[in-house]
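Enquirer: sequence first, predicted model second:
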Amino acid sequence: MYKAVVIGGSAGSFQVITKILSSLPKNFPLPVLLSLHRLKHVRSGFVEALSIKSTIPIVEPYDKENIKPGRGYLAPANYHMYIELNKRIALSTEEPVNHSRPSIDLTFETAAQAYRDKLIGIILSGANRDGAYGLKKLKQAGGLAIVQDPNECQVKTMTEASLKLTTVDHIFTTEQIIKFLLNIK
Amino acid sequence: MENRNTMNKYELGIVDTRNIIKTLQDVYNYDFKNYALTFFKRRVEKIIVRYNLKDADGFIKRIETDRDFFEVFLQEICVENTEMFRDPSLWRVLKEELFPQIIKDATNFKIWFPEVSSGEELFSTAIILKKLNLTQNVQLIASSISELDVERTKKGIFDPKKNEVNDANYKRIFSRGELSDYYTQEGDKAYWDTSLIDNTKFIKQNIIFDDYPKGIKLVLFRNQMIYYNQILQERYIKTIYSSMVPGGHFIIGNNEKIDYWNSDKDFTLINQDESIYKKKLS
């Protein structure tokens, strides 16, 4: 069965994310890895805003923190968030990718290497192409690729770029994403 | 575009990565096995693409025979500081509270940067000291595994692409002056005023310190240990502990922490928001 969910989002994804996080059961069986574009100089506020809505605890992880089920891990401002093969978080201040740090591509790609076919990847609304390559790598590693329905997205660029690069498993509305996640055992 | 580069990138297998680590150990006595694996692999992949080395074998052949390329590799593996005054709130604490408190009445106050990489942490510190008129009270010590980074930092060379972020950070800390008071730009090159680091001692070192400075009162080592695994992190922290005087301060990155067995006997966290630790009085 699946071992982790990784979610990437940018412009227009905040409300979708909070809707998803507020719908998960308290004992959601998987870790949720969140790579979301955010203001690099605003360190506080974002994780608090997500936590208010979320049923599962959300943290900005420390470097080398152990990944545990039923928790959300938000890439901290101005860091990339990698997943190590031993299922720990590794942070990085390397150069931005697609002008982004955190880069969704890097989180997806390293999560795919760590979780192989036990990973669910979800790309949400966003205004650039970050995440498209990462979702492709996730799919190649045998993971399950989901993209938010572009017709529902506030900004379609990211989901459309993902769909162009990868034959995904599902194109879902927010409600369908939630329904899918609720059925994970 | 960056995106296209990632498309054609070369992917290194685990066995290849181990062979590369073994070569670096055998030929140069540099031990990278305790670097964070995901980081190290990705970094070498980028080097292989950038220098047209084709694959792991190409990399190994080149580095075995080319000492200069080994130095290039060391510089590439050292991650640059992202910007001047990264996390302005920390630098405000240093400027307004910590430096006046601990440096004002000191002489020969030793500050150590265990990995200076591209120099921004060093120059940020030097600018604050200068503004506070404390330069003559301190001895700055900057180490790096990269000779090329040491040379670049000594000359004050930095990437002017960072100017926009650097300038914005400066304004979050200082209400007067401009960061450009401290640098000059010529085309695509920019130079810090190297008089800022006149009294800085530079040390080229191996990954594990053969030797390290003693009597250190402040260590700035932010966002470098994130590229190590926990074994190497602990080794670095223990070396730094030994280098410091009791009551000395140790500053690490926002999302780093000192967390090894019994580490609370060695250090106290005195500022959680800015990750400032203090060595216990024993």
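Expert: Sure thing, it's come through. Numbering: from 1, shown residues only, chains lettered A, B, ... in the order given.

Enquirer: so where is chain A shaky, pLDDT-wise?
Expert: Nowhere does chain A drop to pLDDT under 70.

Enquirer: would you list every one of the strands in it?
Expert: Under the criterion DSSP state E, strands of chain A are mapped to A:4-9, A:32-36, A:58-59, A:72-74, A:80-83, A:89-92, A:119-123, A:144-148, A:170-172.

Enquirer: let me have those strands in TSV, extended by mean neighbour count and distance to residue B:160.
Expert: Every residue, glycine included, has its C-beta placed from N, CA and C. Formatted as TSV, those follow (neighbours: other CB atoms under 10 Å in any protein chain shown; distance: least, CB to CB, whole Å):
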stretch	mean neighbour count	distance to residue B:160
strand A:4-9	27	31
strand A:32-36	25	29
strand A:58-59	19	36
strand A:72-74	25	32
strand A:80-83	28	23
strand A:89-92	26	23
strand A:119-123	29	35
strand A:144-148	24	39
strand A:170-172	17	44
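
Enquirer: just tell me which of the ones you listed ends up closest to residue B:229.
Expert: Comparing these by their distance to residue B:229 (CB to CB), the top pick is strand A:89-92, with 8.8 Å.

Enquirer: for the stretch 101-250 of chain B, what lies in contact range of chain A?
Expert: Within the stretch 101-250 of chain B, the residues that sit near chain A (CB under 8 Å from any CB of the partner chain) are B:168-169, B:172, B:223, B:225-227, B:229-230, B:233.

Enquirer: is it possible to export those to JSON lines including secondary structure?
Expert: Shown next, in JSON lines, are those (DSSP: H, G, I helix; E, B strand; the rest coil):
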{"residue": "B:168", "secondary structure": "helix"}
{"residue": "B:169", "secondary structure": "helix"}
{"residue": "B:172", "secondary structure": "helix"}
{"residue": "B:223", "secondary structure": "coil"}
{"residue": "B:225", "secondary structure": "helix"}
{"residue": "B:226", "secondary structure": "helix"}
{"residue": "B:227", "secondary structure": "helix"}
{"residue": "B:229", "secondary structure": "coil"}
{"residue": "B:230", "secondary structure": "helix"}
{"residue": "B:233", "secondary structure": "helix"}
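
Enquirer: in TSV: the strands of chain A, plus distance to chain B.
Expert: Shown next, in TSV, are those (distance: least, CB to the nearest CB, whole Å):
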stretch	distance to chain B
strand A:4-9	14
strand A:32-36	14
strand A:58-59	10
strand A:72-74	11
strand A:80-83	5
strand A:89-92	5
strand A:119-123	15
strand A:144-148	17
strand A:170-172	22
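
Enquirer: residue A:141 is in contact with residue A:121, isn't it?
Expert: No - with contact defined as CB atoms under 8 Å, residue A:141 does not reach residue A:121; the gap is 9.7 Å.

Enquirer: shared neighbours of the two, anything?
Expert: Common neighbours of residue A:141 and residue A:121 (criterion: CB atoms under 8 Å, 6 or more residues apart in numbering or on different chains): residue A:112.

Enquirer: what residue of chain A is the furthest out?
Expert: Residue farthest from the centre of chain A, counting by CA atoms, centre = their mean, is residue A:41 at 20.8 Å.

Enquirer: tell me the contacts of that residue?
Expert: Shown in contact with residue A:41 (CB under 8 Å, 6+ apart): A:77-78, B:88, B:168-169, B:172.

Enquirer: so how far is residue B:161 from it?
Expert: Remark: distance between residue A:41 and residue B:161 (CB to CB, to the nearest Å) = 17 Å.

Enquirer: now swap in residue B:238 and tell me
Expert: Residue B:238 is 37 Å from residue B:161, by CB to CB.

Enquirer: more neighbours, the two?
Expert: Using other CB atoms under 10 Å in any protein chain shown, the more surrounded residue of residue B:238 and residue B:161 is residue B:238, with 13 against 10.

Enquirer: could you verify that that one is part of a strand?
Expert: No - Residue B:238 is assigned helix when assessed by three-state DSSP, not a strand.

Enquirer: so for it, what's the pLDDT?
Expert: As predicted, residue B:238 sits at a pLDDT of 96.

Enquirer: before we move on, what about residue B:187?
Expert: For residue B:187, the model assigns a pLDDT of 85.

Enquirer: can you check residue B:131 too?
Expert: Listed pLDDT for residue B:131 reads 97.

Enquirer: ok, it to chain A distance?
Expert: Separation of residue B:131 from chain A (CB to the nearest CB, to the nearest Å): 21 Å.

Enquirer: which residues does residue B:72 contact?
Expert: Counting by CB under 8 Å, 6+ apart, residue B:72 has contacts B:51, B:148.

Enquirer: point out the residues in chain A that sit beside chain B.
Expert: By CB under 8 Å from any CB, the residues of chain A that approach chain B are A:41, A:43, A:60-64, A:76, A:78-79, A:82-85, A:90-95, A:97-99, A:101, A:105, A:110, A:113, A:129, A:133.

Enquirer: show me the contact partners of stretch B:251-267.
Expert: Outside stretch B:251-267, the residues within contact range by CB under 8 Å, 6+ apart are A:43, A:60-63, A:76, A:79, A:91, A:93, B:87, B:90, B:218-223, B:225-226, B:230, B:233-234, B:237, B:241, B:250, B:269, B:274-280.

Enquirer: please list only the buried members of the residues you listed.
Expert: A:43, A:60-63, A:76, A:79, A:91, A:93, B:87, B:90, B:218-223, B:225-226, B:230, B:233-234, B:237, B:241, B:250, B:274-279 (16 or more other CB atoms under 10 Å in any protein chain shown).

Enquirer: adding distance to residue A:184 and neighbour count, write the contacts of residue A:41 out as JSON lines.
Expert: Shown next, in JSON lines, are the contacts of residue A:41 (distance: CB to CB, whole Å; neighbours: other CB atoms under 10 Å in any protein chain shown):
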{"residue": "A:77", "distance to residue A:184": "29", "neighbour count": "21"}
{"residue": "A:78", "distance to residue A:184": "32", "neighbour count": "24"}
{"residue": "B:88", "distance to residue A:184": "41", "neighbour count": "20"}
{"residue": "B:168", "distance to residue A:184": "43", "neighbour count": "15"}
{"residue": "B:169", "distance to residue A:184": "43", "neighbour count": "22"}
{"residue": "B:172", "distance to residue A:184": "43", "neighbour count": "14"}
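
Enquirer: and which of these is nearest residue B:43?
Expert: Lowest distance from residue B:43 to these (CB to CB) belongs to residue A:78, with 19.0 Å.

Enquirer: quick check: closest non-adjacent residue to that closest one.
Expert: Counting by CB to CB, 6 or more residues apart in numbering or on different chains, residue A:78 lies nearest to residue A:40, which is 4.3 Å off, once chain neighbours are set aside.

Enquirer: can you report how many residues neighbour that neighbour?
Expert: Using other CB under 10 Å, residue A:40 has 18 other residues around it.

Enquirer: quick one: contacts for it?
Expert: A:77-78, A:101.
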